[in-house]
Structures are given as structure tokens and as C-alpha cells.
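K.L.:
take this sequence and fold it.
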Amino acid sequence: MAVAISLLPYMWKAWWRKLEQKGVWHGANTTMVMGMAFFGFIGIMVGSIVAIKSMRGDSFAQGLMILEANLSAVMMGWFLIPIMVGSTTAEGRGLQPTRMGQFPLSNFDLVSIGLMSRLVQPVYWILLGASLMALLPLLACPSPVLGSVAGLLFLVFSSMLAWSVELFSSALFTSRRGREMMMVLALLLSIPFFGIIMGDFSTTDGEIFFSLGDRSVLLFNEDGSSGLLTQFRFLSPSVWVSSTAEGHHGLGGLFLVCAAAVLSSGLALFSLRRVMLHPPSSLGGRKSTGRPIGVPRFLSSEVGPMVVKELRYLTRTLDHLMGVSMGLIGLAWILIRPDHALYVLPLGVMNIVFNESAIPLNNFGLDGPGADRYRLLPLSGRQIILAKNLAYFMVVAVHIAPLILAGLLKGEAMLALVTILATMAVCLLTTVGGNMASINSPALRAFFNFDSKEQTGGTLALILAALLWLLPVGVYFAMAWMGTWWSPVLGMAVLAGIALLVYRATLSSAGQQFEQSSEKMRERLSKA
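P.N.:
Residues are numbered from 1 along each chain as shown. As a prediction, the model looks like this:
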């Protein structure tokens, strides 16, 4: 701990110096995650107040359920926030195991440094405050001391288990084989979801049943004392804490939470040592040899290789894996439940496009220092920007293709056509803004290239990209009043045509701005 405390001032300065640089506070991940965490903190605070009031009144069981819900939300926060902000292994933001392993530090020193590196980040202040706020109702329980001890052990368990998962996932996502393994695992975990959408829910005399084929299972009875979900409820760590505080089998629940905390801490140490001894790059197997870049027949010989290069970059990202997963899940959903296609198809496409909205808003984010090589190529600025845009359009097309195919197979051709035209309009308009943002808003530390290291335009740009969907939705409902499918199709076709004209009109100016900015960067470097 002494080593971590001695490094704390330097980690503090490094973090806040990074935030002082231009553009970082506007980064989508930083501000959006902090905003989500703040609203989550407000929700947990309100929930804790309601839980305490219920426990001191006549609704102790209701307060206990709210307590368990708050603890489960906190646990999800410890899992999701590190992944969204990249706090553990991202450069300049926290512990870098492969580098720290070069120093004569013990496992305990490394864990302490990792924990301290989190505490310098404001988003963890909010998460830590929400975690302590979620424990307050334990003081109103029959066994407040044992409940508080169990609650603190629950926080240790949540944070250390989340760290272990983050270390393994960050190592896996840095190799192609690892990403494929994670994608297969995600699809396997989604199998129970398919079973849920295949079945039916029914309510009889206050009891909730789930039916699948000829079998029917009781989920909840009227007072919630029995049922399948009630049985699985006792497998939740938050229930272990509440049962300890309630005084029912208190030592048993405390033992389970303590064992979970010890096991998660051991797993964190093992994960840390595993990543240090076997760096993420080693998960990729043998080093792949360079592959020639082929040119698709429908692209020119100038733009084609650039498009293929961009596709290789984009298909290595987490956004690509999420897009493929959402497309396959939507395909299975519509094939299983054709009557759900009316809302699964458009909503699934909207989720896919929003998931990938960071790509057109940060055209040069994957290039890194190699962005300056564009100035050496015999290509115009228009061709470079066009190649990046075409790669984005092709990725979106691949991801929404399963949903469109499912709609066509189930006889929803008009809905599929409307969805394609709406997606085309939104992607074109998002790309128009993204081209300008990527060229005109580099970070201060990257004044010599176009790599901002952030999603340029930040949270505001992502919000505007999401609000763009209001345009085709408004056109759809306005034209749907005509009473036929051809009216929305016609209106959406006009909207897509206008978006295409706007894109073509701004593409040349974006290319000119790229060339002008490149010349300014060249002059800056020549004077340095």
C-alpha cells in the first residue's frame, strides 16, 4: 500500500493533466458514463430512502426487495463502468499490467496501485458514493452490524470480480482469436433469451406462469413465497446480504459473502498475474503474415484498397462484434416470433446504427500516428474521406442484413424497404457531420495529425446522431396517415434522396478541408 500511496500524486496529476487538454472533457465515453453514473446515484439514493421508510413502517418486505435491487444495480455498475471507460488497461488511465510487471512489485502492490488508479477518476467517486448509499438501509434491519459487514464484503466481491472479468476481457479483445471466443460466448449466453421469447407468460389468480410447448412452470405465486424465480433468487449475492441483515440464517449468508469476496480477490490476483506473464498479444497464436489487399470489383483501384484497409480496422473492434450479435439475435427473434417483426426489425436496426455512430464521428480514430501517411498517398482529400465513409456504410449493411433478411422471409417486404431507406438517410446525415468533426476538431496533443484519441464531437454529437432518427420516424407517421404502405415508402425515399444530395454536396468541401488541414500540419511540423 505504501508503494501505491507514493505513486498516487503522480497518477492524480497524469489524470487531470489529460482532462485539461482540449477535447477530452467532450469525449463521449468520459462525459456520457459520468452522466449515467450520476443519474444512477440519484436513483439509488431515492431507492435507499424509500427502503428505509418502508422498513421502519409496515412494509419491511418491500424495503428489503428495494435494498436487494439497489445492491444488484451497484454490482452491475462495478462491472459496466470499468469496461465503458477502460480504466484498468487503457493507456494513461490506470494500471498497465504488462508494463508494471517489469518492476519488482508484489501482487499486493499491483492490486493496490490498480485500486488507487481508479480512485483518481471522478466516475469512481460517484460509483463509490452510490455503493455506500445502497448500504444505508442495512442500518434499519434487525441485524445492522452483521448486515453492514456483509455489505462491505459484497462491495469487495463486486469490485474484485469485475476487475478480474475486465482484465480477461481486455486481454481477449486485443487479439482476433480472443474476440472470436468472446463472440461465441456471448451467443451461447443468449440461448436462454431465445427460450424466453419462444414461450408465453400468463397470470392466473395472481400467480405468474411461463409456458414453453406442453410444459408450464410457476414463476411467482401471489405473495412471492414460492416459484422458480424465488428459488433462483437465493443464488444472488445481494440476497445473501439482505438475509444476513434480516437475521434469517445470518451466519450462513455472511459466510457465503465472505467466501465470495475471498474467491473474487484470489481470481483478481490470478487474472493480474496471468495477463502479466502472458501479454494480450500472445493470445493471437502465431504471428499472422501480411495479406495482400484485394480490390472489390465495384470500387475503383484508387479507393478500393483504402476501403479494404478500413474494413480490416473496423472488423477488429468491439462495435463490430456487438453489431453482428445484435443482427443474429434479431434474426432469430423474428424467425421464432414473426408477429414481433413489426417492432423488432426497426428497433434492432436503430440499435445497430446507434451502436456504430462513433465510427463516422471519428474517422481517424483507428489510424493512430499513421494518419500522417495519408499526406504521402497520391489520393485527393475527397477520395480519402469517401473511402472511410464507404467502409462505414458497408459495415452497417452487413450488420443489418440478417434483420432485413428475416423481414423478407416473414413477408414484411415493405417494412424492410422503409427500414433500409430510413437507415440510409440517418447514416448519410451522420456521416456529413462526422466528416466535418473529424477534420476540424483534433485534440491539442495531436495538432500534427487527425487522431483525436476521442470520439470527436463528444456526447453532443452522439445525442444529435440519435435524434436524427426522429426525422425518419416523423416522416413515417406523417405519411402513414395516407393509409397505405406506399406512402411511407415514398416519403422515406424522398428523405433518403435529400440526405444523399446533402452528402454529395458536402463531400467535396470535406475533402478540401482535409487537404487544407494537412497542409497546416505539414507547416507546423516543418517549423518545429
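
K.L.:
roughly how far out does the strand or helix carrying Gly511 sit from the chain middle?
P.N.:
Using DSSP states H and E, the element containing Gly511 is helix 486-527. Helix 486-527 sits 28 Å away from the centroid of its parent chain (C-alpha atoms, centre = their mean, to the nearest Å).

K.L.:
please shift the residue numbers so they start at 27 in all later answers.
P.N.:
Understood, numbering begins at 27; the last thing we discussed is helix 512-553.

K.L.:
how is this structure carved up into domains?
P.N.:
Per the record, the chain has its domains at 28-230+262-309, 330-553, by automatic domain parsing.

K.L.:
can I get those domains in JSON lines with mean pLDDT and distance to Asp240?
P.N.:
Backbone N, C-alpha and C define where each C-beta goes, glycine included. Listed next are these as JSON lines, based on pLDDT from 0 to 100; distance: least, C-beta to C-beta, whole Å:
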{"stretch": "domain 28-230+262-309", "mean pLDDT": "76", "distance to Asp240": "11"}
{"stretch": "domain 330-553", "mean pLDDT": "81", "distance to Asp240": "17"}
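
K.L.:
give me the number of residues near the residue nearest to Ser269 when sequence neighbours are not counted?
P.N.:
Nearest non-adjacent residue to Ser269, counting by C-beta to C-beta, 6 or more residues apart in numbering: Gly279, 4.2 Å away. By other C-beta atoms under 10 Å, the residues close to Gly279 number 25.

K.L.:
surely Gly279 and Pro263 touch.
P.N.:
No - Gly279 is beyond contact range of Pro263, at 9.3 Å (criterion: C-beta atoms under 8 Å).

K.L.:
sec struct for the residue nearest the centre of the chain, please.
P.N.:
The centre of the chain sits closest to Met110, judged by C-alpha atoms, centre = their mean, with a distance of 5.8 Å. When classified by DSSP: H, G, I helix; E, B strand; the rest coil, Met110 comes out as helix.

K.L.:
can you give me the distance of it to Tyr502?
P.N.:
32 Å (C-beta to C-beta, to the nearest Å).

K.L.:
one more: Leu181?
P.N.:
When Leu181 is compared with Tyr502 (using C-beta to C-beta), they lie 47 Å apart.

K.L.:
give me the neighbour count for Phe67.
P.N.:
Around Phe67 there are 20 residues (other C-beta under 10 Å).

K.L.:
what is the helix holding Gly537 packed up against?
P.N.:
helix 407-435, helix 439-466, helix 496-506 (3 or more C-beta pairs under 8 Å, 6 or more residues apart in numbering; DSSP states H and E).

K.L.:
and these: which comes nearest Gly330?
P.N.:
Proximity to Gly330 (C-beta to C-beta) singles out helix 407-435 among the helices and strands packed on helix 512-553, at 8.3 Å.

K.L.:
in that closest one, what's buried?
P.N.:
407-422, 425-426, 428-430, 432-433 (16 or more other C-beta atoms under 10 Å).

K.L.:
how about stretch 130-138?
P.N.:
Applying 16+ other C-beta under 10 Å to stretch 130-138 flags Leu131, Asp135, Leu136, Val137, Ser138 as buried.

K.L.:
contact partners for the closest residue to the first one other than its chain neighbours?
P.N.:
I take that to be Leu131. The shortest distance from Leu131 to any non-neighbouring residue, by C-beta to C-beta, 6+ apart, is to Val29 (6.6 Å). Val29 makes contact with Leu131, Asp135, Ser138, Ile139, according to C-beta atoms under 8 Å, 6 or more residues apart in numbering.

K.L.:
need the max-distance pair from those residues.
P.N.:
Most distant of those, by C-beta to C-beta, are Leu131 and Ser138, 9.3 Å apart.

K.L.:
what's the burial count for Cys453?
P.N.:
Neighbour count of Cys453, defined by other C-beta under 10 Å: 26.

K.L.:
residues in contact with it?
P.N.:
Val379, Pro386, Tyr418, Phe419, Val422.

K.L.:
what about the second one, how many neighbours?
P.N.:
The one in question is Pro386. 27.

K.L.:
wait, doesn't it sit right on Tyr418?
P.N.:
Yes - between Pro386 and Tyr418 there is a contact under C-beta under 8 Å: 5.2 Å.

K.L.:
report the set of residues contacting both of those two.
P.N.:
With C-beta under 8 Å, 6+ apart as the test, Pro386 and Tyr418 both reach Cys453, Thr457.

K.L.:
circling back to that earlier point, in JSON lines, list the domains of the chain along with distance to Val243.
P.N.:
Below are the domains of the chain laid out as JSON lines (distance: least, C-beta to C-beta, whole Å):
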{"stretch": "domain 28-230+262-309", "distance to Val243": "9"}
{"stretch": "domain 330-553", "distance to Val243": "19"}
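
K.L.:
what's the closest of these to Ser242?
P.N.:
When the domains of the chain are ranked by proximity to Ser242 (C-beta to C-beta), domain 28-230+262-309 comes first, at 8.2 Å.

K.L.:
can you give me the strands in this structure?
P.N.:
Taking DSSP state E, the strands of the chain run over residues 226-230, 233-238, 241-246.

K.L.:
now render the helices and strands packed on helix 512-553 as TSV, adding distance to Leu90.
P.N.:
Listed next are the helices and strands packed on helix 512-553 as TSV, based on distance: least, C-beta to C-beta, whole Å:
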stretch	distance to Leu90
helix 407-435	42
helix 439-466	45
helix 496-506	41
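
K.L.:
out of those helices, nearest to Leu344?
P.N.:
Nearest of those (C-beta to C-beta): helix 407-435, 13.0 Å.

K.L.:
now do that closest one against helix 512-553, angle only.
P.N.:
In terms of direction (axes from the mean of the first three to the mean of the last three C-alpha atoms, to 10 degrees), helix 407-435 departs from helix 512-553 by 150 degrees.

K.L.:
for helix 407-435, the distance to its chain's centre please.
P.N.:
On C-alpha atoms, centre = their mean, the centre of helix 407-435 falls 21 Å from the chain's centre.

K.L.:
what angle do it and helix 439-466 make?
P.N.:
Going by the same axes, to 10 degrees, helix 407-435 makes 160 degrees with helix 439-466.

K.L.:
out of the contacts of Cys453, which is nearest to Trp38?
P.N.:
Distances from Trp38 to the contacts of Cys453, taken by C-beta to C-beta, are shortest for Pro386, at 35.2 Å.

K.L.:
what ranges do the helices span in the stretch 227-376 of the chain?
P.N.:
Using DSSP state H, counting those that start in this stretch, the helices of the stretch 227-376 of the chain run over 254-259, 263-272, 276-303, 330-340, 344-362, 367-381.

K.L.:
show the average pLDDT along the first one.
P.N.:
Here the mean pLDDT over helix 254-259 is 66, rounded to a whole number.
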